[in-house]
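1. here you go, sequence then predicted model.
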Amino acid sequence: MKNKYWGKLLLPAVIMWMMVSCTKDLDRKPYYDVTSASVYEDFNNYKMVLAKIYAGLSTTGQQGPAGNPDVSDIDEGFSNYLRTYWYLQEFPTDEAVIGWNDATLQDLHRMNWTSADAFVKAMYYRIFYQITLCNAFIRETADGKLNERGITGDNAEQARIFRAEARLLRALSYYHALDLFGNIPFVTEDDPIGSYYPTQQTRAEVYNYIETELLELENLLVDPRQNEYARADKAAAWMILAKLYLNAEVYIGQPKYTECITYCNKIIDAGYTLSDEYRKLFLADNHTSPEIIFPIAFDGIKTKTFGGTTFLVHAPVGGTMIPAEFGIGGGWSGLRTTKNIVQLFPDPNGDLDKRGIFWTDGQNLEIEDISAFTDGYPIVKWKNLTADGEPGSDPGKEFPDTDYPLFRLADVYLMYAEAVLRGGSGGNTATALQYINELRTRAYGNASGNITAAGLTLDFILDERARELNWEACRRTDLIRFGKFTGSNYLWPWKGGVKDGRGVEDWRILYPLPASDVTANPNLVQNNSY
Amino acid sequence: MKPKRLLAGIVGLVLMVLILPLPLPAQDRVISGRVINPADGSPVIGATVVPKGSTSGTSTNPEGAFTLRVASGVRTLVVSAVGYIEQEIDITGTNSVSVALAIRTTSLDEVVVIGYGTRRKGDLTGAVTAISAADFNKGPQVTPEQLISGKVAGVQITSNSGAPGAGSRIRIRSGASLNASNDPLIVIDGVPVDNGQIIGVANALSLINPNDIESFNVLKDASATAIYGSRASNGVIIITTRKGVAGRLRLNFMTTAAASAISKKVDVLSAAQYRALVTEAGTPAQKALLGEADTDWQEVIYQTAVSSDNILSITGGIKKLPYRLSLGYMNQNGVLKTDNLQRFSGGLNLHPKFFNNHLTVNVNVKAAYSRSRFADQGAIGSAVFFDPTQPVYSDSAKYSSFGGYFEWLDGSGNPNTLAPRNPLSMLKQRRDIAEVVRSIGNVQLDYKFHFLPDLRANLNIGCDISASHGKITRFPTLAAAWLVGGTTSKYAQERTSKLFDFYFNYTKDIAPINSRIDVTAGYAYQDWIREAPAYPTLNGNGSEVAAGNPTKTQNTLLSYFGRINYSLNDKYLLTATVRRDGSSRFSPDNRWGTFPSAALAWRISREKFMEALDFLSDLKLRIGYGVTGQQDIGEDYPYLARYVLSDSSARYQLGDNYYFTLRPQGYDEQIKWEETQTTNIGVDFGFLNGSISGSIDFYFKKTKDLLAVIPVPAGSNFTNRILTNVGNIENKGIEFSVNATPVQTTHLKWDAGFNITWNKSTITRLSKVPDTTSVGNEVGGIGGGVGNTIQIHSVGYNPYAFYVYQQVYDENGQPLEGLYADRNGDGVLDLLDKYRYKSPEPQVYLGFSSQLSYKQWTMSFTMRAQFGNYLYNNFRSANATYINFRYPGYLLNALTNVLETNFEGSDSRRYWSDYYIENASFLRMDNLNIGYNFGRVHESIGLRVSATVQNVLVITRYSGLDPEIAGGIDNNFYPRPRIFSLTAVLDIF
């Protein structure tokens, strides 16, 4: 029988062939993802990686609005960079209360957050995620690497500008870390990716690093107003410098008001102008505003997130408010403000000062119960409508087109005035008064709200900042600079979790490092008293 | 669809009607004979003698003699007795027989399928439990794993929900991992199958027809599983399907009709109670929201669901080719309206032999097609807290744009974004229909060498392929999709697994030294590809409301394995195995792992000094140790630095363009296997010729290099948490099982099985640096707020321990709202006062099954119990407070528990009150079955009928719907129905 040998011969042959050919099958590569080794070979990818760094402030992951998050362990929408930054800057202040029960949210009002706090953790990891992204991009776009990969000429020039912008975004995140956490782990493009423990730097060391970086970047970035929309230019670097110097007494115990004025002047001289109407800064077409120095961009179809302006537009809508008037399908019934802010304005309806428009119908000014949406007035400035009243692009009316004006000229005017009042040189009171009255004239529609030189005091500045920049994530830093954040010399409803407010420990001007990182990284020393 | 659905049932019915009235054959004859023990010629008393295919017969008298009247067509008698092997006697042409029954050396001669080979049960050295078809749970089982639920010590099978075809969480000796898979490896006819999520079907295993299964073998300890190396840490379940039997054509047709209904509803306030409550305590605005209706929303969404299952199998041989073909059609409705699963399945087995039986070929092809309609399970929760004073439908014009369903609207007539949606509308106005085809097939060639018959070569080539596609349509009138004018989205997936394995086996009896050796050495290659295209979600106008990205990933496992069995004097047994696995999931430096094991067994009962103990038929001591691995980590490229593209809705604007973004992924270059070391000590015993048998096992499992998701030092990676090898976990336990036949007479037989397991799992390390400050990793998301969790992994505790505040009670035992113990005594109530309280894992679980037969009747049941398992009653913590009627613009119903606690609900810390952690110990009767065997209703047709109740009863103190919820969080649980079914089986010879 011929086929008697079939089994004997064919089988071993097949087997030998299989065994030999298969070991290399263990080198499986992704089908769609690009390996790091090849991503920087193609210059077209550079801008996509840079776009990711910018998007790190805006979106929460690779799937919009949620589904493939950058950081985990906390709800993706909540942990949005801008949204958490906004939370930490607003909730422990007189500007905002929110009725929800999410995770440790109410602890931010109570000012008894711990190192296990979900939102503190989210902000911290978002910041360091952003810094790590920047470091990798900065490392991969060094001149030597560009040469190696044959990226030359115009492409190399572009890459250098991209690199400067990544450095700026890193400085921005380090600035946030400095302001919120103080003493933090420190990593640059010289640190690898992998298992190691970053070392900790003090607040002063971080301050020096940011300052040095920005001063260098001043020369590398594109001139003010010359870059593409939503990309950072020199003015963005000046803005961070101005904020750094304005708060230098808090950060390093030294006054730097003169330097603050220097950089405010540079920005003002760059040709930015105020939006003709205050309301236009917070609408779906605010990308046309001449006032915005650096925005965080959102889009109803192409840049979707549950954080950012999606949160800001939805969260204060509830009660008798009509969602369509905000360009959305329905509100989230959460966010209001305290009477301290309402009372900074002559009336709550914006009849005189158009910056002070609150929803009062069906609402109580006094807050008896934080969880009741009807206690406290919502501020109605964030909308998904254009200046002409048209809703944004999302057919589902869920995700706004409204960009977030992270840096805008009005803030520069206020910083200038404050630095002058605090004794900085290079500016003067008359100019300060002029800037302030420009803001007030816009707010009132005429000069009736203008102040005199006598009215231009530091206390006035703090109030004016709340009038101009309410719900723009400045309040905590401002209150700290004015010594009113902790202690009991300034109280607001529910400060420290008590209806009429209570004094709060001074060490709460810094947030704790998350316990998870103190555990993961033995180099870290927790902030005092946490 | 309807006529088609009924067709199979009707065919069955018609057959039965045709057959039943047929008169029994008239011409009988009388057979007489004697049954003896071959060893000493002594009579076998009480042996059962029945005509084949019948159940009524006779038994032998004290002389071993019998006489039996049989129909003329009967050609074969079946003789059986306790302690002897059943024997068939040909009575063609004779009326007198003498039968020498062979002694059954208990069940130890049974052959058990183990990895890459078989072993006699008596020769096993590891902890292996074999369950054959006769012992399976009765009643219509949609998924295979339910066949053995409660039957095996150390194995917990918890169905995930009451949905048609829902999967189960299978745990063998508790999970060995935290973040890697804890599912056992499932091998069907030699093909390790893909147990991952197949899109478009509730459960991948539901595509295997349980009726095609002949046996389950559960390999529990490392000495048994280590031959599967890196996939063996959670145990191995080997499923063998039925094979063709040579001989005449035989048909078997089984039809089942079942009705299922929920047995319990969540205790919510009635419309009258709710109305009274809001009227008394509500504001005018809240009162104004009350409706006029009286709706029991749970009644509205559930139904009594009918289902049917029909299976036809054909076995026989065409010349020398034995075959078995089975065809099945199942149609199951869910108790949740609109839920439906239809499954067509087919199985073909051929196993011819060639060259004087030197080459055995075994071909298996199993294929299934399923069509599912998935109900929106969100309706379950919605029905619990939807206002009972509102109607289901309303004629009011403002609801006409929502299909006439009542909905909560805001002032402008839009659906209120925060309110729940009408539960019935959620079901009726959404269609999610998916079709899946899955095929598992293999060809196995086993060749005994002509020149050396002790040497075998075995080649196995197999595949496991599935393709799914589905479409979700949300009607324009569905409130949730109303703003966008309805949506449609599609999804699809393909999964392909290819298998090639090959081994040599050499078995030799070496008589001079009373030894037998059995050596196996082989090679295996398996490759998996998962692929899903991207489809956008489109709204009513066809514009895109959500985008997606396609995915395709692949991994490959390559292995060498070997095993030596050595047996001396049939008393001393040694097994040693080794497997070396290479996985594409790890970097070249870490990709190879070696997994050895060794086990010794001593058959004490074979020793001379034991001979005096007649009653002891078997006593064996087993000791085994082995190392197994785990690489099923849910990611295929965790070690590779790579960049992932965003989808089109996560682009970012730079200038006038929106750029897709490229994100570097977090990665751990050093990631490698998880390693579990298992020590097992066991004793097998048998008494009275095996009529009582059982085993007791002690195990200790220690997993090191645990794959856990832990925080990375900020700034050191492109993520804040990464899956990496860190930490240790320990499991220890005791298993005891016993099977007995306490009664066996001519007409009456009772088989009973009992098993009990005690298990304890402890996390012993959870970070790279020794750590005393960290509370642990919080897990277990709950309903209520967003991003809230209730469980924690921490060192020194059970995984998934509940992490809660200690509720303070008044002197009457009433919980005091907002008051919790300041456990650390610092005067402040904060997160530091939380403590770890109980866990969802039972300390002890047990199973009891019983099968009683009397003449033609059988009655069987299976019961299970668990003790020490706790549940978080999330329905209560979220919906048993008065805050439920204080939301803006809508009302929520509350659980009746609110009347006991009087909780206002303004303090959100109640979510973490230990008041809601409830003892969920239970005793459950899984099924109760009564059957009657008509025997031959016609010359060549046998008929059996049975009635089954599944999920018969549950005894528990747990206050929610069901005390058995995998994961420990009771929220939105799809209730397990009680199922009543009737089955008829026709055997056609």
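-> All right, it came through fine. Residues are numbered from 1 along each chain as shown, chains lettered A, B, ... in the order given.
2. in contact with the residue of the stretch 101-250 of chain A found nearest chain B, which residues?
-> Using CB to the nearest CB, the single residue of the stretch 101-250 of chain A nearest to chain B is residue A:228, 3.1 Å away. The way it works is simple: take the backbone N, C-alpha and C, and place the C-beta from them, glycine included. Contacts for residue A:228 (CB atoms under 8 Å, 6 or more residues apart in numbering or on different chains) come out as B:654-656.
3. counting neighbours, which of the residues you listed end up buried?
-> residue B:654 (16 or more other CB atoms under 10 Å in any protein chain shown).
4. from the contacts of residue A:228, which is closest to chain A?
-> Using CB to the nearest CB, the contacts of residue A:228 come closest to chain A at residue B:655, 3.1 Å.
5. where does the closest residue to that closest one other than its chain neighbours fall, phi/psi-wise?
-> Nearest residue to residue B:655, sequence neighbours excluded (CB to CB, 6 or more residues apart in numbering or on different chains): residue A:228, at 3.1 Å. Dihedral angles phi and psi of residue A:228 (degrees, to the nearest 10) take the values phi -60, psi 160.
6. run the chain-centre distance for the strand or helix carrying residue B:432.
-> Using DSSP states H and E, residue B:432 falls within strand B:430-448. Between the centre of strand B:430-448 and the centre of its host chain there is 18 Å, according to CA atoms, centre = their mean, to the nearest Å.
7. and the stretch 451-600 of chain B, which residues reach chain A?
-> B:457, B:459, B:483-485, B:500, B:502, B:523, B:525, B:527, B:539, B:541, B:543-556, B:558, B:582-584, B:588, B:591 (CB under 8 Å from any CB of the partner chain).
8. show me what the helix or strand encompassing residue B:629 packs onto, helices and strands only.
-> Element membership of residue B:629 [criterion: DSSP H and E] is strand B:616-630. Judged by 3 or more CB pairs under 8 Å, 6 or more residues apart in numbering or on different chains; DSSP states H and E, strand B:616-630 is in contact with helix B:222-225, strand B:572-583, strand B:592-603, strand B:674-687, strand B:692-704.
9. which of the residues of the stretch 451-600 of chain B next to chain A are buried, as a ChimeraX select command?
-> ChimeraX command restricting those to the buried ones, with burial defined by 16+ other CB under 10 Å:
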select /B:457,459,483,484,485,500,502,523,525,527,539,545,546,547,548,549,551,553,554,555,556,558,582,583,584,591
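10. the residues of the stretch 451-600 of chain B next to chain A in strands, which ones?
-> Among these, the members found in strands (DSSP state E) are B:457, B:459, B:500, B:502, B:523, B:525, B:527, B:539, B:544-546, B:551-556, B:558, B:582-583.
11. so what's the residue count around the residue lying closest to residue A:306 once chain neighbours are set aside?
-> Leaving aside its chain neighbours, residue A:306 sits nearest to residue A:77 (2.8 Å; criterion: CB to CB, 6+ apart). Neighbourhood size, residue A:77 [other CB atoms under 10 Å in any protein chain shown]: 20.
12. list the contacts of residue A:77.
-> A:60, A:65-66, A:83, A:305-307, A:310-311, B:786.
13. swap the cut-off to 6 Å and go again
-> A:66, A:306-307 (CB atoms under 6 Å, 6 or more residues apart in numbering or on different chains).
14. fine by me, we can end here.
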